[in-house]
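**Student:** mind folding the following:
(4 chains)
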Number of protein chains: 4
Amino acid sequence: MSVRAAVAGASGYAGGEILRLLLQHPRAEIGALTGNSNAGQRLGALQPQLVPLADRVLEPTTAGVLAGHDVVFLALPHGQSAAVAEQLGDGVLIVDCGADFRLADAADWERYYGSPHAGTWPYGLPELPGARDALRGATRIAVPGCYPTAVTLALFPAYAAGLVEPEAVIVAASGTSGAGRALKPHLLGSEVMGSMSPYGVGGVHRHTPEMIQNLSAVTGERVTVSFTPTLAPMPRGILATCSAKARPGVTAAGLREAYAKTLAGEPFVRLLPEGQWPITAAVAGSNAALLQVALDEDAGRVIAISAIDNLTKGTAGGAVQSMNIALGLPEELGLSTIGVAP
Amino acid sequence: MSVRAAVAGASGYAGGEILRLLLQHPRAEIGALTGNSNAGQRLGALQPQLVPLADRVLEPTTAGVLAGHDVVFLALPHGQSAAVAEQLGDGVLIVDCGADFRLADAADWERYYGSPHAGTWPYGLPELPGARDALRGATRIAVPGCYPTAVTLALFPAYAAGLVEPEAVIVAASGTSGAGRALKPHLLGSEVMGSMSPYGVGGVHRHTPEMIQNLSAVTGERVTVSFTPTLAPMPRGILATCSAKARPGVTAAGLREAYAKTLAGEPFVRLLPEGQWPITAAVAGSNAALLQVALDEDAGRVIAISAIDNLTKGTAGGAVQSMNIALGLPEELGLSTIGVAP
Amino acid sequence: MSVRAAVAGASGYAGGEILRLLLQHPRAEIGALTGNSNAGQRLGALQPQLVPLADRVLEPTTAGVLAGHDVVFLALPHGQSAAVAEQLGDGVLIVDCGADFRLADAADWERYYGSPHAGTWPYGLPELPGARDALRGATRIAVPGCYPTAVTLALFPAYAAGLVEPEAVIVAASGTSGAGRALKPHLLGSEVMGSMSPYGVGGVHRHTPEMIQNLSAVTGERVTVSFTPTLAPMPRGILATCSAKARPGVTAAGLREAYAKTLAGEPFVRLLPEGQWPITAAVAGSNAALLQVALDEDAGRVIAISAIDNLTKGTAGGAVQSMNIALGLPEELGLSTIGVAP
Amino acid sequence: MSVRAAVAGASGYAGGEILRLLLQHPRAEIGALTGNSNAGQRLGALQPQLVPLADRVLEPTTAGVLAGHDVVFLALPHGQSAAVAEQLGDGVLIVDCGADFRLADAADWERYYGSPHAGTWPYGLPELPGARDALRGATRIAVPGCYPTAVTLALFPAYAAGLVEPEAVIVAASGTSGAGRALKPHLLGSEVMGSMSPYGVGGVHRHTPEMIQNLSAVTGERVTVSFTPTLAPMPRGILATCSAKARPGVTAAGLREAYAKTLAGEPFVRLLPEGQWPITAAVAGSNAALLQVALDEDAGRVIAISAIDNLTKGTAGGAVQSMNIALGLPEELGLSTIGVAP
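**Tutor:** Next up is the predicted model:
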């Protein structure tokens, strides 16, 4: 039995990646593809890498077009998901790649997004404690942000084991596709090639409260997060360098053991062998998160680094993984840990 | 029934790509992996993108290690394939990604490679007239060079239809993985980023006689080829810009029709809609070759442009495609036309 | 005595490069800087690399603002230069980096630009025979297009010496800054990184008639040009691969000798030693054009390759070089052949 | 009166950049250029961007060759400078771009470099309190490491003003030229393009004690440093993201004022206007360090970010700046704050 899937926002980078994965998913059947300003255009002109879908034409994003599917992926600008979900009703699985339903705290939402809180949906990071239970049978899924995925996976084992203080410092580098396909001067190729550039510095990036929410939930106390995102001259990938002060008595061996134990059996998260560090090239197009952890005894800090593909594990892959769980399919179906490198 | 495959040269870029494709091939079972200087190392340290094989250890490249497989892929330096093939005997399919058995003309071989000619094996470019017949049931396959794959696919429809003069001018840009993993100063990241650089200019590149061989076979008369390869600041991809003088009476419509007709039904070659040109990003990790053709009436030339991934359609994908044909499997098995973009 | 210079279009890539060079020019004094949509903004926000001018504010592009300078550089969209020039009058040197006054043939202009021909100004490629005489004392200069600069320098010595047939085939790769700072989807970093893409294929690129004009003037007969531009994943640089059929009797030695002789004494054009090929990294930020030439005896063609920085020698450097000549200053003043590499 | 300068290690990236700057220095005269394995080669084959020196030939690195100059720049592997300096005697200014004489603490040296401590020379970071006095008239200069330059400039104003706790957390991204021209697999273009990769994680990078030394000297108490370097897919540039816990009572305005006051009058360090963040593209080829600082009140941390060109301000530019001071020349002579962008 196949799963009929629609993608709203099929002309963007997230939408294109969802389609790439669905094309390789043995149970998915691709239904309606919608866009806004691009409605009426051939997908081949917008997503030339999706050759099997080249002749499909984008439809407008309306409830009528999206109706009649088993699952609807939303890759829309913030603020549009609630209305679409309401129109589609409860009988369909809605997987929202936007931020609208990620935060549990309405005040956090309003502070960072400046609009009324739409609500909270089951959070699509299956590796978090309890997450799979919440996703099983769900009809609504909030796909995590790409940075929160990378950062949470890197740090939650340390917090779950009580090895670090609740003050995390994070610097992450992202490929430019993380900024989407919007036409902004600083995203021009001439500007980004050869340049590392920070943005959203000083606690103002919208992914900050999501990281705080995830890590605080794991540790049971409020974790503060100093988060600095940077734009790197590459199309895909996030490298998240995360650290926190080590609690007294933490040893390198104990740290490693905690990570190994917490991550045991995870299909998409891999703690690398000692001495090998994650690199983004290794996860290009893959749903894997590569991790490594170290104890800096001089500085008294635990350093955890993760590499993911922002579009795959960070968005579309995480979305499909959560969809699989929600629908009772094998979690790994249609996903792989094989990157396209070099 | 599964096909047990060994890969000799698994630490290089071609070897890694063969493994990436075999991991996704529903009938392949991955057997021995061999290296030379890297024997004894974990594959995870050399090909970190191949997570499912991370704990496999490279063995030395010997006939003993390679024996007992259904198919052996050779991704070795030139000159080593003949000896390996002789030791393995006739009962195994050998797919050689090296140049040793590509050229039919011994004089051409000796001139360009400076060593005695080893022989000629069935040529693994299934799209060429007659090629599939020669590959079906074959136990030896010579995988084409990456540039000849891109150039031949771009130009052979024009030659097959008699639309152009037998003097082709080709300028191709390749990603750096085409130069392999050898440690050479001009391949350092610091040198290649931000730089376009030509090499092998003036008819001396070793892929030139292979292009001449392919195009001459199609047209029945000797085609001359002026070929200039350039190194582009990207890891993967070939963009081949090919042109030849149009024969009298050629029209844009006739040209397009000839391409459409010749390429009809090809699973991996796609003539793009008018006005859309091939780009290498669209074929990253894909076995597709994207094509477009134009008639420049002022200059009196036909311009044909192709984009392939040098490691996929240009090497490992072409190898798996030919293997499928040789073994009687569906030609598209385990391969796709879906690229990883952006 | 200093030369007071204004720059119209100071927020774009060409304008920024003109300012970079003027800042290093011992005789230049930087006067008004103008923009259109950016008027009122600090230059530091738009051209952060020009630290000494960070606090300058862009003014609107009006004749009043541009009046009262010794030289006015125009880096404006096509079609605007004539009006500005008329308002400024004859007492000022106007150096136009746009296309409006490059072509002598009104029919060519109208065919390629679709608007009435504005006229023809002295052509700012000093290396062409007779060009320096026309530039000396000029009050109007049409700066060549970046591709025509690269291509003309590569081929004109061969045409001047009568060594090749009047049918040139050119494939050039350009960094993305050549497309300017316009917000177009295909110029986003996510799109251009990792991708080679052709455009303007089949004789339709607007720089084609300019190349024909230059080469035909040198050789005295009509030269046809098949020109294919491609976009390369780098911010700057043009690599132009040019070829033409060798005339009977041409030898490699004779070819090299003709180039050496024609280019002797040129301050900014360098024929590389045999065996070394031009690369764009070597000319980043430099006004040098690096050249190499080869004879492919099998294909019967001369291959000439040039590398320039599209923004420097290809635009702003060529503009300053011509300004120097027009004003009677030393031609090399404020310019160098030193690139920023790696 | 000109300064005659020799460069030992002229074939590497640091050596090339020193030459690029000396070529533009109005008082420098370029004397002997030496290499080791490259002795006897033309500089044009190794540093094609230095067109005016293309025909110079590298000599072996011996005291005889280096004798008779006013200043000798050493761009040699660690451990070789002491012997060269001893042979050259005291009458010559030696500017060492290597690490040998940077650290004051012999135990630190031995722990991080594994060899006996050679001594301590005046430290070439003029912006540090007291540094200019030590450099004036010096005949020996230890040029800082590239990371310590970026990090110290970003943080020392906060430490000098007592605004932050003595525990710094630093994540820096460097262009690949920072790793030098050595032939290592992970530095191949195919590996670095599209990839962010960490290295030297957990307090083991050799630049760590140098940062601790600089910041501790400013603040008067021992500062701990958690330093994580990452390799970014670009040839040049360092973006250093530095943070430390804010001391009680620190305000955003007070923080900014402290930076403005401390950096007032510095010719090469620029605190950007509020809201603008440093990017590496803006300092390519420039001796500028761009800075911005923010207070994250939620996380209670000060974030300071700097961008430099690792080869210019981070190595060769810093070396020339210190040379100018040592020789009594204007500090800015031959240096600029103008970057080559885009």
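**Student:** and the strands in chain A, which stretches?
**Tutor:** A:3-8, A:28-35, A:59-60, A:71-74, A:93-96, A:140-142, A:164-174, A:197-198, A:224-231, A:238-246, A:269-271, A:289-296, A:301-308 (DSSP state E).
**Student:** any chance of the ones you listed in JSON lines, plus mean neighbour count?
**Tutor:** Just so you know, the C-beta spots here come from the backbone N, C-alpha and C atoms, and that holds for glycine as well. Below are the strands of chain A laid out as JSON lines (neighbours: other CB atoms under 10 Å in any protein chain shown):
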{"stretch": "strand A:3-8", "mean neighbour count": "24"}
{"stretch": "strand A:28-35", "mean neighbour count": "22"}
{"stretch": "strand A:59-60", "mean neighbour count": "16"}
{"stretch": "strand A:71-74", "mean neighbour count": "26"}
{"stretch": "strand A:93-96", "mean neighbour count": "25"}
{"stretch": "strand A:140-142", "mean neighbour count": "24"}
{"stretch": "strand A:164-174", "mean neighbour count": "24"}
{"stretch": "strand A:197-198", "mean neighbour count": "22"}
{"stretch": "strand A:224-231", "mean neighbour count": "25"}
{"stretch": "strand A:238-246", "mean neighbour count": "27"}
{"stretch": "strand A:269-271", "mean neighbour count": "22"}
{"stretch": "strand A:289-296", "mean neighbour count": "25"}
{"stretch": "strand A:301-308", "mean neighbour count": "29"}
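**Student:** quick one: those strands as a markdown table, columns for mean pLDDT and distance to chain D too.
**Tutor:** Converted to a markdown table, these look like this (pLDDT from 0 to 100; distance: least, CB to the nearest CB, whole Å):
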| stretch | mean pLDDT | distance to chain D |
| --- | --- | --- |
| strand A:3-8 | 98 | 26 |
| strand A:28-35 | 98 | 27 |
| strand A:59-60 | 98 | 33 |
| strand A:71-74 | 98 | 26 |
| strand A:93-96 | 98 | 26 |
| strand A:140-142 | 98 | 23 |
| strand A:164-174 | 98 | 4 |
| strand A:197-198 | 98 | 4 |
| strand A:224-231 | 98 | 4 |
| strand A:238-246 | 98 | 4 |
| strand A:269-271 | 98 | 14 |
| strand A:289-296 | 98 | 3 |
| strand A:301-308 | 98 | 5 |
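**Student:** separation between A:Ala304 and chain C?
**Tutor:** In this view, A:Ala304 and chain C are 27 Å apart by CB to the nearest CB, to the nearest Å.
**Student:** list the contacts for the closest residue to that residue other than its chain neighbours?
**Tutor:** Using CB to CB, 6 or more residues apart in numbering or on different chains and skipping residues adjacent in sequence, the residue nearest A:Ala304 is A:Ala154, 4.2 Å away. The neighbours of A:Ala154, taking CB atoms under 8 Å, 6 or more residues apart in numbering or on different chains as the test, are A:Ala240, A:Cys242, A:Leu291, A:Val293, A:Ala304, A:Ile305, A:Ser306.
**Student:** can you check the pLDDT for A:Asp105?
**Tutor:** pLDDT for A:Asp105: 97.
**Student:** A:Ser216 is in contact with that one, correct?
**Tutor:** No: taking contacts as CB atoms under 8 Å, A:Asp105 lies outside contact range of A:Ser216: 10.2 Å.
**Student:** what about the helices in chain A?
**Tutor:** Along chain A, the segments classed as helices by DSSP state H run A:13-23, A:43-46, A:63-66, A:81-88, A:106-113, A:131-135, A:146-160, A:189-192, A:208-219, A:252-263, A:317-327.
**Student:** buried ones in stretch A:117-127, by neighbour count?
**Tutor:** Residues of stretch A:117-127 classed as buried by neighbour count (16 or more other CB atoms under 10 Å in any protein chain shown): A:His117, A:Ala118, A:Thr120, A:Trp121, A:Pro122, A:Tyr123, A:Gly124, A:Leu125, A:Pro126, A:Glu127.
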